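In: Test case, fold it:
(2 chains)
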Amino acid sequence: MSKAKIVIFRNVCPRNCYNTCSLLSYVQEGKLLKVAGDPQNGYTQGKLCAKGYASTEFVYSPERLRFPLRQYPRGSGKWQRISWEEALTEIAEKILELNQLYGSNLAIAYNKCSGNIGLLHYAVEGMFNSLGAHTKPRGNPCLAAGQDAFIYDFGKALNPDPEKMADSKLIILWGVNPAYTAIQQIKFINKARQKGAKMVVIDPIFTVTAAKADLYIQIRPGTDGLLALLLAKILVEEGNYDQSFVLKHTWGFEPFLNYLRSNNLQDFLSQVSHVTGVRPEAIWELASLLADSKPCSLWVGFGLQRNTNGGQNIRAINALMALTGNICLPGGGAYYLNSNLDYFPQNLLNHQGPGGSHKQSRQVDLNNFASDLLNLKDPPVRLLWIANRNPLSQDQNLNKWRSLLSKLDLIVTVDLYMTKTAAMSDLVLPAASHFEEDDLNLSYWHHWLTLNQKALPPFFEAKSDLQIARELTAKLNKLSPGFSNFPFELTAEDWLAKEFTPQVLKLYGLQNWEELKDGPRKLLQADPPWAGRTFLTPSGKFEFYSAHAKKNNLPAIAKFKWPQTSSYPLRLLSPQYLLSIHSQSGWLSWFEHDNLGIVKMHPADAAKRGLLDGNQVKIFNAYGSIVRKIQITASVPPGVVVAYQGGEDPLNTLIVNAFTDMGANQNGTNNIAFYDVYVECAKGR
Amino acid sequence: MLMLKQLGFLFNADLCIGCRSCEAACINENKTPAGVRWRRVTPTSENSFLSISCNHCDSPECFRICPQKAFSKQRDGIVMIDNGLCDGCMKCLPVCPFEAPQFDLRQRKASKCIFCHERLKQNLLPACIEACPTEALQMIDLNKEIPEGSVRTIPGFPDILLTKPSIRFYPSQAGKRYFIQD
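Out: Below you'll find the predicted structure:
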């Protein structure tokens, strides 16, 4: 062992994940020896998930991309190492050629998502804005419907502090599996349980979290809103709701009440029980817990809004929480996500093109990206830049993607690994890991802010998105002076400093941003966010009835829409798996990844199809087919199959034109109904 | 030999969520090569788990069988292995009920959990215990105090009679469950 000094840096995991763990990197002579959780983060408390502890493999994997690569022909696998100079020159010359041809940069597009959610990764957007009008995506594939539901009801999606869940008497985890996706939250839940709180899990899948619950209720996917409405009806009819709260602090209770009263209780109960699959005794038990246990924290996962009724589901559940007054109680509240990012100026995202010209950009739906791009003419898009994303695994309409990619002149992908998408690109640029760049990260779940320090020299020739933006800009401006107004002279530290407005410093109790080098900081906020009983809706109250929703051609009150029917009998759910996030980290060799190749099916469904445990099955619908190994288990309900995202044979092949009911209000477009997908399974390939 | 301590593990199956942080933290700390897993999380059913490493047994079979006397038991109860003495005969592998000795094919030697004894000297917990986000895995000294209500074994755990492993358990408890009826 070398005697050289070990230096400890502060880093933060930049994955699209509830946990956003602060970590410490032990670095010796520029090499990452190991990582540890940073005990100064009061939420993550010095712990990491398995993927986080595998950081040295993530950084030094033999699979990691080292140099810029050119592939010719596209998709052939014939790769040639090129220099950054060659790569940037080729890209810059193409941009300038298209600009000359069309007199604008509209033939140039990018696609970016949540591969790294650090603030400086908005350098991608900043770099494109700096070109003036171009073709840019808008929308959020993941959680927009639920976010809109919170906006219609509360005025904004504002989480209570999840650490305060420890003070709840009743914790309802609705369609969320923190044992896989938010392991840092479990300790706060357990703390409440040690004080006598009950934990309820409502989920179609009997998850690890469900196995730990005091009460587990299995429900048919997408029918959550109906159960919530029935619970609301029971509470109202039995007088078990917070009448004074409802009277003073909510809007539109009458029409909601009338809607609830439009059915006879017994009829509605048997109807709901039939549709949701939840037995009446479970419904009564849950209703009585809701009536008797306060404060109650209710956490809705992202899954139950990933269907055509998603936003309505969340609105119905929110209504239940308002009815019981829990939304304003310390230790209670409706959890979904926070909006802490809004406090930051996000200078790179909002960087203005020359004379504001980027505002003339063509906006295309991120969730219908390939189709929309294929339809663009005058000019067509001919250059596509992909960063922080693996659309050939994670977007829908993959066949459209394949046809889009065959039509483009130049596809550039920036990534750490040879993803499905990188493998179909002309140029692949090696991206820096979070250990090799400066950044700033906050969680969309907890309230901590962490500085990410550059702890390591670049892995071979890897560069950060910001560094790439700086160098490509310099190249463009050298070839065509003044072509881009990206301030390429600004360093990562300059951009970091710019994020700390006086308001941000005050919100986090900081004198200056450098204080974050001493450890992560927590947002100083009153909790719960609605303790003052003033909401950000037009009425200033919680809105059972939302004129805002009505204006957007949605029902004014939470209404349940009967699910679509399909000629394919099985509903495919594709939740996150423990050891990967979307298509990321599914290859880490520290773990076996058997789960990526399996599909879970209920014994009755398997018997009907003559399938045996371990059989190879084809999962198919009108759009395509994938192959998985079957795992027969009663943890999934009849009529539902579960498979995991990512891997060599992405299940998104089966997802086409599936959109939720909300999302456009805040994010411009509705998100993808990833869980409204119907399939059939048969033995063989 | 007089044991001053018998360090061991307390595993609360009710708190374990199978997240495998302990397993990864062990590799992160000890730099064990591919295929060598000093700690492993294994399912006992679809949604319940065991996390097992060397249990630093009271009567370690590895210690008894090793022709090279590579294993020793420290006065704090930790079973150590001397890498220099191991000649790779592999006799310790099948006799351990917990698959604690792991064979490193490149070095052609056995290795196993040594309770992060260097960390203990610095007053740090073993890496696996430090990593556990739910405190399902804890360190105990069985000579000092047997945790109240803990049991010697739980379903799925290998035989304890032969080696007397230094581990105690809290079993998992099932809640009320409503599944959709066919």
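In: Get me the contact residues on chain B for chain A.
Out: B:14-15, B:17-21, B:23-25, B:27-29, B:31, B:34, B:46-48, B:130-135, B:172, B:174-182 (C-beta under 8 Å from any C-beta of the partner chain). In this view, the C-beta of every residue, glycine as well, is placed from N, C-alpha and C.
In: can you give me the strands for chain B?
Out: Applying DSSP state E to chain B gives strands spanning B:7-12, B:40-45, B:48-52, B:71-73, B:79-81, B:102-104, B:109-111, B:137-141, B:167-170, B:176-178.
In: pLDDT of the fourth one, averaged?
Out: Per-residue confidence for strand B:71-73 averages out to 97 on the pLDDT scale.
In: other SSEs contacting that strand?
Out: Using 3 or more C-beta pairs under 8 Å, 6 or more residues apart in numbering or on different chains; DSSP states H and E as the contact test, the elements touching strand B:71-73 are helix B:61-65, strand B:79-81.
In: most tightly surrounded among these?
Out: Of the helices and strands packed on strand B:71-73, the one with the most neighbours on average (mean count of other C-beta atoms under 10 Å in any protein chain shown) is strand B:79-81, at a mean of 21.
In: if we can go back for a sec, which one of the strands of chain B lies nearest to residue A:37?
Out: Nearest to residue A:37 among these is strand B:137-141 (14.9 Å), distances taken as C-beta to C-beta.
In: avg pLDDT for that closest one?
Out: Strand B:137-141 shows a mean pLDDT of 98.
In: try stretch A:146-165
Out: The average pLDDT within stretch A:146-165 is 97.
In: just stretch A:33-49 next, same as before
Out: 98.
In: One more: stretch A:97-109?
Out: pLDDT averaged over stretch A:97-109 gives 97.
In: what's the span of that stretch, first residue to last?
Out: One end of stretch A:97-109 sits 15 Å from the other (C-alpha to C-alpha, to the nearest Å).
In: what's next to it, contact-wise?
Out: A:95, A:128, A:131-137, A:361-362, A:364, A:373, A:379-385, A:409, A:483 (C-beta atoms under 8 Å, 6 or more residues apart in numbering or on different chains).
In: next one: stretch A:486-499
Out: Residues outside stretch A:486-499 that contact it (C-beta under 8 Å, 6+ apart): A:119-120, A:123, A:126-127, A:130, A:344-348, A:351, A:437-440, A:451, A:454, A:464, A:466-467, A:469-471, A:473-474, A:477, A:513.
In: and stretch A:279-294, is it in reach of chain B?
Out: Yes. Stretch A:279-294 is in contact with chain B by C-beta under 8 Å from any C-beta, via A:279, A:281, A:282, A:285.
In: Among the residues of chain B next to chain A, name the buried ones.
Out: B:14-15, B:17-21, B:23-25, B:27-29, B:47-48, B:130-134, B:172, B:178-180 (16 or more other C-beta atoms under 10 Å in any protein chain shown).
In: Can you tell me which of the contacts of stretch A:97-109 are buried?
Out: Using 16+ other C-beta under 10 Å as the burial test, the contacts of stretch A:97-109 include A:95, A:128, A:131-137, A:361-362, A:364, A:373, A:379-385, A:483 as buried.
In: near chain B too, which of the contacts of stretch A:486-499?
Out: Within those, nothing lies near chain B by C-beta under 8 Å from any C-beta.
In: Among these, which ones are in strands?
Out: A:439, A:440, A:451.
In: so the last one touches residue A:10, yeah?
Out: Yes. Counting by C-beta atoms under 8 Å, residue A:451 touches residue A:10, with 6.0 Å between them.
In: got any residues that touch both of those two?
Out: Common neighbours of residue A:451 and residue A:10, using C-beta under 8 Å, 6+ apart, are A:516, A:517, A:520.
In: since we're on residue B:90, how many residues are nearby?
Out: 13 (other C-beta atoms under 10 Å in any protein chain shown).
In: Quick check on it: phi, psi?
Out: Note on residue B:90: backbone dihedrals following degrees, to the nearest 10 are phi 70, psi 10.
In: repeat for residue A:333
Out: phi 120, psi 170.
In: now it, nearest residue through space, not along the chain?
Out: residue A:160 (3.8 Å; C-beta to C-beta, 6 or more residues apart in numbering or on different chains).
In: measure that neighbour to residue A:317 for me?
Out: 15 Å (C-beta to C-beta, to the nearest Å).
In: now do residue A:458
Out: Residue A:458 is 46 Å from residue A:317, by C-beta to C-beta.
In: Residue A:498 too?
Out: Separation of residue A:498 from residue A:317 (C-beta to C-beta) stands at 39 Å.
In: which of these two has more neighbours?
Out: residue A:317 (31 against 15).
In: That one and residue A:228 touch, don't they?
Out: Yes. The pair residue A:317 and residue A:228 passes the contact test of C-beta under 8 Å, sitting 4.5 Å apart.
In: Flag every buried residue along the helix or strand residue A:88 falls within.
Out: Using DSSP states H and E, residue A:88 maps to helix A:84-102. With burial defined by 16+ other C-beta under 10 Å, the residues of helix A:84-102 counted as buried are A:84, A:87, A:88, A:89, A:90, A:91, A:92, A:94, A:95, A:96, A:98, A:99.
In: Then stretch A:499-508?
Out: Those buried within stretch A:499-508 under the rule 16+ other C-beta under 10 Å are A:499, A:500, A:504, A:507, A:508.
In: Can you tell me the closest non-neighbouring residue to residue A:539?
Out: Looking at residue A:539 with C-beta to C-beta, 6+ apart, the closest residue is residue A:251, at 4.0 Å.
In: for residue A:347, same thing?
Out: Among residues not flanking residue A:347 along the chain, residue A:498 sits closest, at 4.8 Å (C-beta to C-beta, 6+ apart).
In: who's in contact with the residue in the stretch 451-600 of chain A that chain B sits nearest to?
Out: Residue nearest to chain B within the stretch 451-600 of chain A (C-beta to the nearest C-beta): residue A:590, separated by 5.6 Å. Listed by C-beta under 8 Å, 6+ apart, the contact set of residue A:590 reads A:50, A:54, A:57, B:24, B:27.
In: mind checking the SS state of the residue nearest in space to the middle of chain A?
Out: Residue closest to the average C-alpha location in chain A (C-alpha atoms, centre = their mean): residue A:142, at 4.8 Å. Secondary structure for residue A:142, judged by DSSP: H, G, I helix; E, B strand; the rest coil, is coil.
In: Surely it touches residue A:670?
Out: No. Using C-beta under 8 Å, residue A:142 makes no contact with residue A:670, being 11.7 Å away.
In: circling back: just the residues of stretch A:279-294 next to chain B: which are in helices?
Out: If you go by DSSP state H, these have A:281, A:282, A:285 in helices.
In: Pull out the buried residues from those residues.
Out: By neighbour count, with 16+ other C-beta under 10 Å, these hold A:282, A:285 as buried.
In: I'd like the ones in helices among the residues of stretch A:279-294 next to chain B written out as a markdown table, with pLDDT added.
Out: Rendered in a markdown table, the data for these read as follows (pLDDT from 0 to 100):
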| residue | pLDDT |
| --- | --- |
| A:281 | 97 |
| A:282 | 98 |
| A:285 | 98 |
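In: Show me which of the ones in helices among the residues of stretch A:279-294 next to chain B is closest to chain B.
Out: Of all those, chain B sits closest to residue A:282, with 4.0 Å by C-beta to the nearest C-beta.
In: surely that closest one meets residue A:217?
Out: Yes. Contact status for residue A:282 versus residue A:217: in contact at 5.1 Å, counting by C-beta under 8 Å.
In: Find residues that contact each of the two.
Out: Shared contacts of residue A:282 and residue A:217, counting by C-beta under 8 Å, 6+ apart, come down to residue B:178.
In: quick one on the thing from earlier: which of the shared contacts of residue A:451 and residue A:10 has the largest number of neighbours?
Out: residue A:520 leads those on contacts (other C-beta under 10 Å) with 23 neighbours.
In: how about residue 89, what does it touch?
Out: With no chain named, the answer covers chain A. Residue A:89 touches residue A:475, counting by C-beta under 8 Å, 6+ apart.
In: Switch to chain B, please.
Out: Each residue near residue B:89 by C-beta under 8 Å, 6+ apart is listed here: B:67, B:68.
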